[in-house]
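Q: This is a predicted model, with the sequence first.
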Amino acid sequence: MVKVPPSKSYTHRAIIASALSDGTSKIFSPLFSDDTLATINACKSLGVPIVEANGCLEVKGGKLKQPKNPINCRLSAATLRFMTAVASLVEGKTVLTGEEGLLKRPIGPLVKALNQLGIHCEARGEYPPVTVYGGSLNGGEASIVGDVSSQFISGLLFVTPLAKNNSKIVLTSQLESKPYVQLTLEVLRKHGVNVKVLGDHEGYVTNGNQKYKPYNHRVPGDFSSASFLMAAAAITGSKIRLKNLDVQTRKQPDIEILDILEKMGVKIVLEEDCVTVEGGKLEGISLDAKNIPDLVPISVVLACYAEGETKIKNVRRLRIKESDRVEAITSELVKMGGKILKLENELIVEGVGRLKGATINPHKDHRIAMACAVAALGAEGKTKILDAECVKKSYPNFFQDLKSLGGKIVFV
């Protein structure tokens, strides 16, 4: 049995909402990874006291202060996008930057929306670094695309309730990754903040001058991280039990991995906070990645081991993740003998039943590294994964957990 690590998405949101609250909030069982540490340090840069003790974060929210130095968001796009919005509440100039990979992630739509809401905000074209001259978030109406990153919308939803006037956010394209915005709204509600959703997430209306109330969070286990362990069982015909998973509320987007595995022929048993996965013969399926982009790399691995063809549509946005995930997962699995056809917005995978060992370049992308490590478990021969430490972005103990389940892993 393995205890699944806490949710990265929930941890980010709990930290931000707690930092905006008037009082002290506690976050029990948060994820400590490179990305969430970037958010913790960003909030500290804005004068928010955050103390960690016995695996619990104590966040004392209140008045935000202008940072003395540029905020380094490292490689965390969530940190960059959420904190760009938060910086609109801070009097004075805030500069947000990051490491090389982050500087290629788009930020332009959020910058334009904040300007429409009364903030002077600048970026390097569509990309970071970002400079925000905050303290004058008036509210009003802003329009923004919904199919580039849901994090833009979540960022706006964090701050518009604190604007001087009411706000309306209108989406100019269909929202993708909608469950992540729903997760943001859930965290806002816990802190006493209300947002009206227009239609099927076609827009949002917020009353200004609201106040965040403190809230004590308990972070659930992460289905995104658990998906790799579940897939490992699936392709090796093993049986594993994973605890610390909330299967009742179905709040997390990547809980969809359970449906994907069941459709492929994997036996799933759900308990109160545990999931048992038993692998066997896999079959190809059709899959829509519009709301679950993070599950695509591991779904492609599963498809390689399945019988028949698997089609995964709506993959275009994967090209602007930590890597071009369409190219990265295709190139690395083809090295291992996979048969993958790339179309404009779709991947078609022909199951080959078994892969072969290879030297893998994960393109500094944690999900590519983890997906290829899982692929290696069922492959003939040895697989070497370069730059394997990139998994610290979301799942620092991934290789140790995989080894504890029986994976033959050597650390070099």
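A: That came in fine, so what should we check first? Everything numeric in this text was worked out from a predicted model, so none of it was measured. Residues are numbered from 1 along each chain as shown.
Q: Now do stretch 112-132: distance to the chain's middle.
A: 22 Å (CA atoms, centre = their mean, to the nearest Å).
Q: same check, this time on stretch 44-52
A: Chain-centre distance of stretch 44-52: 22 Å, with CA atoms, centre = their mean.
Q: Buried residues of that stretch, list them for me.
A: By 16 or more other CB atoms under 10 Å, the buried positions in stretch 44-52 come out as S45, L46, V48, I50. Placement of C-beta: from N, CA and C, glycine included.
Q: correct me, but S177 touches S150?
A: Yes. At 3.9 Å, S177 counts as touching S150 under the criterion of CB atoms under 8 Å.
Q: what's the pLDDT at K251?
A: Note on K251: pLDDT of 78.
Q: ditto for G407
A: Looking at G407, its pLDDT is 82.
Q: Just the strands from the stretch 251-400 of the chain, written as ranges.
A: For the stretch 251-400 of the chain, the strands defined by DSSP state E, counting those that start in this stretch occupy 267-270, 274-278, 286-288, 309-313, 339-342, 346-350, 359-360, 384-385.
Q: For the second one, give me every contacting residue.
A: With contacts defined as CB atoms under 8 Å, 6 or more residues apart in numbering, strand 274-278 is touched by 1, 226, 229-230, 233-234, 238-243, 245, 247, 258, 261, 266-269.
Q: Just the buried residues of the residues you listed.
A: Among the contacts of strand 274-278, those classed as buried by 16+ other CB under 10 Å are 226, 229-230, 233-234, 238, 240, 242, 245, 247, 258, 261, 266, 268.
Q: So among the residues you listed, where is pLDDT lowest?
A: In this model, the minimum pLDDT among the buried ones among the contacts of strand 274-278 belongs to V247 (87).
Q: In TSV, list the buried ones among the contacts of strand 274-278 along with secondary structure.
A: Below are these laid out as TSV (DSSP: H, G, I helix; E, B strand; the rest coil):
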residue	secondary structure
A226	helix
L229	helix
M230	helix
A233	helix
A234	helix
S238	coil
I240	strand
L242	strand
L245	coil
V247	coil
L258	helix
L261	helix
V266	coil
I268	strand
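Q: Which members of those residues are the farthest-apart pair?
A: Spatially, the most separated pair among these is S238 and V247, at 20.0 Å (CB to CB).
Q: Show me where the chain dips below the pLDDT cut-off.
A: 412 (pLDDT under 70).
Q: how's it carved up into domains?
A: Following automatic domain parsing, one gets these domains for the chain: 7-206, 223-404.
Q: centre of the chain versus the shortest one, how much separation?
A: On the basis of CA atoms, centre = their mean, the separation between the geometric centre of domain 223-404 and that of its chain is 15 Å.
Q: The longest one too?
A: If you compare the mean C-alpha spot of domain 7-206 with that of the full chain, they lie 14 Å apart, counting by CA atoms, centre = their mean.
Q: hang on, the earlier thing: tabulate the buried residues of stretch 44-52 in JSON lines, adding columns for secondary structure.
A: Below are the buried residues of stretch 44-52 laid out as JSON lines (three-state DSSP):
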{"residue": "S45", "secondary structure": "helix"}
{"residue": "L46", "secondary structure": "coil"}
{"residue": "V48", "secondary structure": "coil"}
{"residue": "I50", "secondary structure": "strand"}
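Q: Turn those into CSV, including distance to L386.
A: As requested, the buried residues of stretch 44-52 are exported to CSV (distance: CB to CB, whole Å):
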residue, distance to L386
S45, 32
L46, 36
V48, 37
I50, 34
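Q: now, among the residues you listed, which is nearest to F82?
A: F82 lies nearest to L46 out of these, by CB to CB, at 11.8 Å.
Q: Where does the residue nearest to that closest one when sequence neighbours are not counted sit: helix, strand or coil?
A: Leaving aside its sequence neighbours, L46 sits nearest to L64 (CB to CB, 6 or more residues apart in numbering; 4.6 Å). State at L64, reduced to three classes by three-state DSSP: coil.
Q: tell me the contacts of L64?
A: A19, L46, G47, V48, V86, L89, V90.
Q: For it, give its distance to V48.
A: 7 Å (CB to CB, to the nearest Å).
Q: which neighbours do the two share?
A: Common neighbours of L64 and V48 (criterion: CB under 8 Å, 6+ apart): A19.
Q: Pull up the distance across stretch 157-167, start to finish.
A: For stretch 157-167, the first-to-last residue distance is 10 Å (CA to CA, to the nearest Å).
Q: how about P362, what does it touch?
A: S323, A328, E332, I368, A369, C372, I385, L386, D387, A388, C390.
Q: For it, which non-adjacent residue is closest in space?
A: Take P362 and drop its neighbours on the chain: the residue closest to it by CB to CB, 6+ apart is A369, 3.7 Å away.
Q: And the helices in this structure?
A: Ranges of helices in the chain, per DSSP state H, are 8-19, 34-45, 77-87, 108-116, 150-159, 178-190, 223-236, 257-264, 296-305, 325-335, 366-377, 398-404.
Q: and the angle from the second one to helix 366-377?
A: Counting by axes from the mean of the first three to the mean of the last three CA atoms, to 10 degrees, helix 34-45 lies at 160 degrees to helix 366-377.
Q: in helix 34-45, what counts as buried?
A: Buried residues in helix 34-45, counted by 16+ other CB under 10 Å: D34, D35, T36, A38, T39, I40, A42, C43, S45.
Q: JSON lines for those, including distance to F82?
A: Formatted as JSON lines, these follow (distance: CB to CB, whole Å):
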{"residue": "D34", "distance to F82": "16"}
{"residue": "D35", "distance to F82": "11"}
{"residue": "T36", "distance to F82": "12"}
{"residue": "A38", "distance to F82": "10"}
{"residue": "T39", "distance to F82": "7"}
{"residue": "I40", "distance to F82": "12"}
{"residue": "A42", "distance to F82": "8"}
{"residue": "C43", "distance to F82": "10"}
{"residue": "S45", "distance to F82": "13"}
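Q: which one of those is nearest S286?
A: D35 (31.1 Å).
Q: The closest residue to that closest one other than its chain neighbours: neighbouring residues, count only.
A: Excluding its sequence neighbours, the residue lying closest to D35 (CB to CB, 6+ apart) is S76, at 4.0 Å. Neighbours of S76 under the rule other CB atoms under 10 Å: 28.
Q: swap in E380?
A: Neighbours of E380 under the rule other CB under 10 Å: 11.
Q: M1 contacts L242, correct?
A: Yes. In this structure, M1 is within contact of L242 by CB under 8 Å, at 7.2 Å.
Q: OK, contacts around K321?
A: Shown in contact with K321 (CB under 8 Å, 6+ apart): P293, D365, R367.
Q: Thank you, goodbye.
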